[in-house]
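Colleague: sequence-free structure coming up:
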């Protein structure tokens, strides 16, 4: 991926040091490697910006793995013979940034994206040493491609899930590309207009920088462990409830 | 609103100073004042926590005002006789935190919530002095009540809109209450179980503290104006585009 | 609206007599008349097909009226000074077909569409003489326009609401038009490509014919009043419940 | 599953003969057999009504099979070693009624439901002998269970997909059960209140009868092949487009 002149210049002139950060891109395409994924085409733009800023990145394509269905951390404990998710989860927990990329089918994110989110949810009971949910302090974003319609709907669902799990969502943390109404060329297809789309390029650039800024901020400051600790809430002595007096 | 013992204790023991912050709660109920709004019942819990921490707050009920439909800042410039939105927008722009509260109808956020979001969107072309979108640096959350079903779906839509406009979304920035499947008592109705719901109370508490922490972080640090400036993007000299070489 | 040659030919060669049917199009644009509504541009295509088949039609633009917020049939009984909805509801109840048209804002249907659906919902307690919900026997569809993204998401919400209220949804009862990713010309703007879009034209044509076929079928046969009568359910003597024995 | 007295009476007194119909229930639980599926608990209520009316039914649990990801009819032609979907698709094409049942995770339908819909979509290019989409003439419904929130949101997505593919959706074609806000017992758990929920039972009953009535209507009358034939549209001679003259 060759970035445009302005994207390159931003990287070169940047006064920010993001070299302590790492990012995972989950490419939730339905296509196994080495088949070309259009979603990966867009992911690579964000990846290229991060790498130019010294961030360690990895693109994982879940469909290449045999991932079990379910909402437990390791489904082999629930009767599944194979479950390739736990090592993926480990990488996600070690990364500061998670960007979920998905194609659109019938206006919805892919089943692989749904599966990945269910598996992330399977770890939502875990807490950090402060008693906060384990995803606190991480930053999430979303990239979507399709040839027809549905970027915002998919992003709603993905970003909602991430913040619900404990990710922070910086401003404008989604970007995507679709063609005109109806079937047509996909992002990387010749003549799609995808890589030339100024709106997509700008949004992908802004998303990426906002993810980096927010991840750095949280790496430095963390999310203060006060008022949001699951352990403190559960262990409180008085179990009374608030009272809306004007009832 | 009388908070529970633990919520009160958090307020009293807090080492954090949020007294420089301010918040607006948009209560997007369909009911005009002084009719009781169940959504306001839940909003008051979050408000009480913020006020105990020294934050200036105001609850605005848009349905009490004559707000025009449209996506321009002031619809009287587009032929509407009355438009009460501009002074509401002014308050929102002056606040660090925006919490949009909505009831659920047919599984969706209210039409008043849709209207409010359209009007917020009408200001999305405005930029701050750094050339970022004007909502950058603000923090958003969402509260939802209904008697049946739909908290998460409404929150998806609201939080997506806020982050798309430029708000930052801290972890777990939504909370809500619904009863069991089917019609039944609403939040403030006697015997609803609403104010006693531990899940709702915990989520509302965590949301509120996360909004305060994130707002303070952004008040102090801002969102670095780099890689996300609309003006810089638009004014760039070279208008070439990125090139996914492996096409 | 001048239909294309094939659409005209279908009308001329049709062996079907739909002349006993009537349809209401709710144009949920945010723009008051006489401002041009792009959504109305697409609505007129469906309307032209219906009229050529002898169906009485009317386009109603709710934003031209002062419609109160709320979920009661007539909100003047709830303290609102003006409520223009009841005569609109009367027309909808007299029509066999309802097509809700909406623009897209931030990936969602318009606030006017939300308002219209809330008001339709306000009549959902009404029953026909068989004890079925009053909307039984009617047929619903959806048209969506925007310049960016979101046709399917808006249609999901609209068609769900209609079927939940009691409308029947024939196959492929939605159609829409959007441009490429990002801002751009709207449907009726010069060079938009909207009226030339084969996908949009085909879907609008199929939707319209399916609405007509289904409406005729229901006009003739009705929905048998058995197993779906609210009165019979509520008046049943034995109030026992089903028992999933294998629990 | 033992139906309640009224449900049984409806079956016994029915003047309708549905014995020529058949139905498939897709139980999109994440749990492999023989683990108990709460969604199947609700599905069995609808199934029991259909069977008492002479309809042949089968419940298929896709998670028990090795179904490939993708949008082609048989993914073994695309490099997948195993794909158990084609025989499932065959059963769906032979049935008059399809009910998709899904649990809720993070407010969304399951990944298995997404997968099933993607695979159904993979057949959407197929046409019947009249040149209509192959799903025309079939009837679709949706059942949803969860312990927390999200019935309507899941149903929106499922019913939209089915009608988009060509299914007809009768009135009130969705039903579901959730508990109160927050985690709690699932449908079949002791003390859940699920099987006792009058709202859920009524909606499931009405959905089932409406599916049967509509399926019978379409079995008898079909969807007239006029104005909705893909072949006729594609083969039309004049490729002109409609013209909204008032532009």
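Modeller: Sure thing, it's come through. Note that the coordinates shown come from a computational prediction; the quantities given were computed from them, not determined experimentally.
Colleague: quick check, stretch A:70-89 touching chain D?
Modeller: Yes - Stretch A:70-89 lies within reach of chain D by Cβ under 8 Å from any Cβ of the partner chain, at A:70-71, A:79-80. For the C-beta atoms, the positions are set from N, CA and C on the backbone; glycine is no exception.
Colleague: correction: stretch A:225-237
Modeller: No - legend: contact between stretch A:225-237 and chain D by Cβ under 8 Å from any Cβ is lacking; minimum distance shown is 12.8 Å.
Colleague: follow-up on the earlier one: tell me which two of the residues of stretch A:70-89 next to chain D sit farthest apart.
Modeller: Using Cβ to Cβ, the residues of stretch A:70-89 next to chain D reach their maximum pairwise distance at A:71 and A:79, which is 13.9 Å.
Colleague: So between these two, which is more surrounded?
Modeller: residue A:71 (20 against 12; other Cβ atoms under 10 Å in any protein chain shown).
Colleague: Backbone torsions only: list them for the spatially most central residue of chain A.
Modeller: The residue lying closest to the centre of chain A (Cα atoms, centre = their mean) is residue A:99, at 2.6 Å. Note on residue A:99: its backbone torsions stand at phi -120, psi 120 [degrees, to the nearest 10].
Colleague: pretty sure it contacts residue A:25?
Modeller: Yes - counting by Cβ atoms under 8 Å, residue A:99 does reach residue A:25; the two are 4.9 Å apart.
Colleague: Next, show the common contact partners of those two.
Modeller: Residues touching both residue A:99 and residue A:25 by Cβ atoms under 8 Å, 6 or more residues apart in numbering or on different chains: A:43, A:46, A:143.
Colleague: If you rank those residues by neighbours, which is first?
Modeller: Greatest neighbour count in those, by other Cβ under 10 Å, goes to residue A:143: 33 neighbours.
Colleague: Contacts (any at all) between chain B and the one helix or strand that residue maps to?
Modeller: Element membership of residue A:143 [criterion: DSSP states H and E] is strand A:139-145. No - if you take Cβ under 8 Å from any Cβ as the test, strand A:139-145 misses chain B, and the best it gets is 9.4 Å.
Colleague: Any idea how far the helix or strand that that strand is followed by is from the middle of the chain?
Modeller: For strand A:139-145, the following helix or strand on the C-terminal side (DSSP H and E) is helix A:151-165. Put simply, helix A:151-165 sits 9 Å off its chain's centre (Cα atoms, centre = their mean, to the nearest Å).
Colleague: what's the following helix or strand after helix A:151-165?
Modeller: strand A:174-177.
Colleague: Show me what that next one is packed against.
Modeller: helix A:38-52, strand A:139-145, helix A:151-165, helix A:198-221, helix B:151-165 (3 or more Cβ pairs under 8 Å, 6 or more residues apart in numbering or on different chains; DSSP states H and E).
Colleague: Partner strands of it, with direction?
Modeller: Using DSSP bridges, the strands paired with strand A:174-177 are strand A:139-145 (parallel).
Colleague: avg pLDDT for the strand it pairs with?
Modeller: In this model, strand A:139-145 has a mean pLDDT of 98.
Colleague: okay, the helices and strands packed on strand A:174-177, which one's buried deepest?
Modeller: Among those, ranked by average contacts under mean count of other Cβ atoms under 10 Å in any protein chain shown, first place goes to strand A:139-145 (a mean of 30).
Colleague: any weak-confidence spans in chain A?
Modeller: Applying pLDDT under 70 to chain A flags residues A:246-247.
Colleague: Can you tell me which residues in it are near chain C?
Modeller: Counting by Cβ under 8 Å from any Cβ, the residues of chain A near chain C are A:106-107, A:149-153, A:156, A:176-183, A:193, A:197-200.
Colleague: Return the set of residues that bridge with the residue nearest to the centre of chain A.
Modeller: Beta-bridge pairing of residue A:99 under DSSP bridges involves residue A:25, residue A:141.
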